[in-house]
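**Q** Would you be able to build a 3D model of this:
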Amino acid sequence: MKRHESFVNRIFKSKYLKALIIGLLVFAFLVYGGYDRWRKSRVLDYRADRDYAFVHVNKEPITLGDVAYLIMFEEKRTEEQARVYNPRSPKDYWNTSDKGKILSIRVRNTILDMAVHDKIMYDLAIKDGVTLDEKDEKALKNTISDFWDDLYEGQEENCYVSKKVINEEIRKAAIVAKYQMKLAKEAKVNDVRFNYEGEEYQKILKKYKVKVDKSFWRRVRVGEVTLDHDRVNYVQ
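**A** Numbers count the residues shown, from 1 in each chain. Now for the predicted structure:
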């Protein structure tokens, strides 16, 4: 028995076993590293990835699906300018430089800032008991109708969440807007100061910890999510 234990000990102490263990660890590291690089470089499947929480605000998640409305809204707004800039090739406008950054990247950053803002302000509005009255509901109905009517061809079809989800996000935006008006009235300032770039909102934002999966968000190709420039690059 002792001879057997001695034999086993010699094996575990051998340089060959140590080399094998090190080799396996290196192999595992390379496999994981390769998978991680593949995961970060692959083209997103927006529908499949819509439940991924790429942002956390005080550990509260914001998913890709949560920002679908903002993506559609900002793509529509920017595309309007793009078609004035170059009616034959609107995509050119998305690739122009704006303050040292490609415009599509600046729009993507704006969407992220707006998403964090809306999450914080909506949660505060609900805690404060802000709701929509009958007049607000009527205005909301018109806002939702106008939103869908004004989209470019293909945007609704390319949307990666349901119409119900988008409409709910528009409702939340209406509650946020009403809450901002309330805060502005109380502070006796313009409600713009509570927008995502506003001075008063920036004071609120400092109280929160925001964590972003930047490698994931960089793979969202704003300007190509709900827009199809291969289809619309012509003068009608």
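
**Q** tell me the secondary structure for Arg171?
**A** helix (DSSP: H, G, I helix; E, B strand; the rest coil).

**Q** buried stuff in stretch 121-140?
**A** Buried residues in stretch 121-140, counted by 16 or more other CB atoms under 10 Å: Met121, Tyr122, Ala125, Val130, Leu140. (C-beta placed from N, C-alpha, C; glycine too.)

**Q** Among those residues, which lie within helices?
**A** The members of these that map onto helices under DSSP state H are Met121, Tyr122, Ala125, Leu140.

**Q** wait, isn't the first one in contact with Phe194?
**A** In this case it means Met121. Yes: Met121 lies in contact with Phe194 (CB atoms under 8 Å); the separation is 7.3 Å.

**Q** who touches both of these two?
**A** Common neighbours of Met121 and Phe194 (criterion: CB atoms under 8 Å, 6 or more residues apart in numbering): Gln180, Tyr201.

**Q** how far away is His117 from Leu227?
**A** The spacing between His117 and Leu227, counted by CB to CB, to the nearest Å, is 24 Å.

**Q** try Glu134
**A** Glu134 is 36 Å from Leu227, where distance means CB to CB.

**Q** Next: His56.
**A** Between His56 and Leu227 the computed distance is 28 Å (CB to CB).

**Q** Between those two, tell me which one has more neighbours.
**A** Shown here are His56 and Leu227; by other CB atoms under 10 Å, Leu227 has more neighbours (27 against 15).

**Q** Give the burial count for Arg50, as a bare number.
**A** Neighbour count for Arg50, taken as other CB under 10 Å: 17.

**Q** Excluding chain neighbours, what is closest to it?
**A** Among residues not flanking Arg50 along the chain, Gly65 sits closest, at 3.8 Å (CB to CB, 6 or more residues apart in numbering).

**Q** you'd agree that neighbour is up against Val165?
**A** Yes: taking contacts as CB under 8 Å, Gly65 lies within contact range of Val165: 6.4 Å.

**Q** which one of those two has more residues nearby?
**A** Gly65 (20 against 15).

**Q** Now do that one against Leu124, distance only.
**A** 22 Å.

**Q** Please apply the same query to Phe194.
**A** For Phe194, the distance to Leu124 - CB to CB - is 10 Å.

**Q** Strands along this protein, start to end?
**A** Applying DSSP state E to the chain gives strands spanning 53-57, 60-63, 97-98, 101-102, 210-212.

**Q** Can you check which of those strands gets nearest to Glu153?
**A** Nearest to Glu153 among the strands of the chain is strand 101-102; the distance by CB to CB comes to 24.7 Å.

**Q** wouldn't Tyr196 be in contact with Leu112 here?
**A** No: contact criterion CB under 8 Å: Tyr196 and Leu112 do not qualify, at 9.6 Å.

**Q** Around the residue lying closest to Phe194 once chain neighbours are set aside, count how many other residues there are.
**A** Using CB to CB, 6+ apart and skipping the chain neighbours, the partner closest in space to Phe194 is Gln180 (4.1 Å). For Gln180, the neighbour count with other CB under 10 Å is 22.
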